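**Student:** Sequence and computational prediction follow.
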Amino acid sequence: MLGGIGRALSHRDYCLYWSSNGVNTIGRWMYRIAVGWLTWELTESTVWLGIVAFSETFPLVIFSVIAGALADRVGYIRITFLAQTATALVAVAFAAVTLAGWITIELVLLFTLLIGSLEALTTPARIALVHALVPKQDLAAAIGLQSATFNGCRFIGPAIASFIIAFAGSGAVLVAVAGTFVQFCFVITIIRADEPKRNPGPWRDLMREMGDGIRYSMDHVGIRFLFVMLGVTGFLIRPIIELMPAFSAEVFDSGSAGFGILVSAIGLGAMISCLWVGVRGQTTGLTRLVTHSLLVQGAVLILSTLTGYIWLAAAFLAIVGFAMLVGGVGSQTLIQNAVEANVRARVISLFIVISWGTPAIGALIAGWVADFAGLAVTIAAGGAMTVALWFWALRLVHIVEQDLEAAA
């Protein structure tokens, strides 16, 4: 009944990894919500929300491409275990300091920088590890299940975190987060993976190969098109997630419960979107779907700033979340379909950099702009500029769709 997903889960090591990584991913989303709410409690500043969001995700921009090369040299499981163990220790310290009442915004910034840097080291290895846990014929199903799980956790994590915050505070959330990190450290030690042979070549070759991956991506008209769209929407649309504590408080005068409603709405839309793209199961026509998702994201985000009713805004944000993941998962699928095998990992590492880096930069700038222009105006302006990008993309989609979908 489950088709390819059932076959993927029949492999012991992948099933262990999928379930443990799912719990860990819930913890990562709980962590983001706890840090955002803790920052707002300490400062009530959109500027600080942007700074903290930037410090958490910007390390991916710095370390992602290098981390991918490091994973090939050290081994996927080994680097994941070492970095995740360090992450768990930092999370325990973060929780202890918060519960003791010693937390300051400067310490929040320090902890988020540390955890963000360690997570950056594991991200390419985690993605590559899936390839080493299932045979080739089950790879598509395994990747689809990973994406669906990630976006399901995007819904579950904020819901759990907002509930705990309402009754026990951010410190209690951080304790639970540390627990999710610890269990993943244990499970990763009992997984056996068919990892590729390591490449201990000289560092000068590694730097040249990273440059080759960048040049390939920029020379490929379809991949370049997708990277531009991902970068602009990440910069203009995605910061709403990091700025949600302020959006909930300033636009709807709502506390942690309203905050959880709005964040969970985006996560629910994203989860449904990912499942829909997976069930659709084809790349034909996907380029146009990704392109039209820009219009939906921009227009509906504007509507969410114009209503004074939080449940209506939640419905709008669920649509935004749906369209956001049509663009994100669709783009990743098209890139995987079009890219040459010998540069796949390097191109995917650039996808990671853009997907996580531009929202961090966008949140940082949007936080500053919102401080003097107002948050609703700032968010609506991002939506309007995204709609403008859609008009640009419409003129190019017929040129790039053949390159992106031809190998289907």
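**Tutor:** Nice, thanks for sending it over.
**Student:** okay, CA-based contacts and neighbour counts for the rest of this
**Tutor:** Will do.
**Student:** And the strands in the stretch 201-350 of the chain, which stretches?
**Tutor:** Ranges of strands in the stretch 201-350 of the chain, per DSSP state E, counting those that start in this stretch: none exist.
**Student:** so what's the most centrally placed residue in the chain up against?
**Tutor:** Centroid-nearest residue in the chain, with Cα atoms, centre = their mean: residue 356, separated by 5.9 Å. Each residue near residue 356 by Cα atoms under 8 Å, 6 or more residues apart in numbering is listed here: 57-58, 60-61, 234.
**Student:** Surely residue 290 touches residue 331?
**Tutor:** Yes: in this structure, residue 290 is within contact of residue 331 by Cα atoms under 8 Å, at 6.8 Å.
**Student:** what do these two both touch?
**Tutor:** By Cα under 8 Å, 6+ apart, no residue touches both residue 290 and residue 331.
**Student:** what's near enough to touch residue 233?
**Tutor:** 294, 386.
**Student:** cool, and the one 10 residues further on?
**Tutor:** Remark: with contacts taken as Cα under 8 Å, 6+ apart, residue 243 is in contact with 46, 49-50, 363, 367.
**Student:** contacting residues around the residue nearest to residue 213 when sequence neighbours are not counted?
**Tutor:** In this structure, residue 213 finds its nearest non-sequential neighbour in residue 346, 5.3 Å apart by Cα to Cα, 6 or more residues apart in numbering. Going by Cα under 8 Å, 6+ apart, residue 346 touches 65, 68, 210, 213-214.
**Student:** Quick check, pLDDT for residue 346.
**Tutor:** The model reports residue 346 with a pLDDT of 73.
**Student:** Please work out how many residues are found near residue 81.
**Tutor:** Here the count is done by other Cα atoms under 10 Å, and residue 81 has 18 residues near it.
**Student:** what's in contact with the strand or helix carrying it?
**Tutor:** Per DSSP states H and E, residue 81 falls inside helix 76-99. Applying Cα under 8 Å, 6+ apart, the external contacts of helix 76-99 come out as 71, 103, 108, 111, 114-115, 118-119, 121-122, 125-126, 128-129, 170-172, 174-175, 177-179, 181-182, 184-185, 188-189, 193, 195.
**Student:** Show me what whichever helix or strand comes after it is packed up against.
**Tutor:** Once helix 76-99 ends, the next helix or strand along the chain (criterion: DSSP H and E) is helix 105-131. In this structure, helix 105-131 makes packing contacts with helix 12-43, helix 46-74, helix 76-99, helix 139-168, judged by 3 or more Cα pairs under 8 Å, 6 or more residues apart in numbering; DSSP states H and E.
**Student:** For those helices, could you give me CSV that also reports mean pLDDT and distance to residue 391?
**Tutor:** Converted to CSV, the helices and strands packed on helix 105-131 look like this (pLDDT from 0 to 100; distance: least, Cα to Cα, whole Å):
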stretch, mean pLDDT, distance to residue 391
helix 12-43, 93, 33
helix 46-74, 81, 28
helix 76-99, 93, 42
helix 139-168, 80, 28
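**Student:** what's the closest of these to residue 251?
**Tutor:** helix 46-74 (12.9 Å; Cα to Cα).
**Student:** the inter-axis angle of that closest one versus helix 105-131?
**Tutor:** In terms of direction (axes from the mean of the first three to the mean of the last three Cα atoms, to 10 degrees), helix 46-74 departs from helix 105-131 by 40 degrees.
**Student:** How far does helix 46-74 sit from its chain's centre?
**Tutor:** 11 Å (Cα atoms, centre = their mean, to the nearest Å).
**Student:** ok, and for it, which residues are buried?
**Tutor:** Judged by neighbour count using 16 or more other Cα atoms under 10 Å, the buried positions of helix 46-74 are 46-61, 63-73.
**Student:** all helices of the stretch 201-350 of the chain, in order?
**Tutor:** 203-219, 221-236, 239-242, 244-252, 256-280, 286-306, 310-338, 344-373 (DSSP state H, counting those that start in this stretch).
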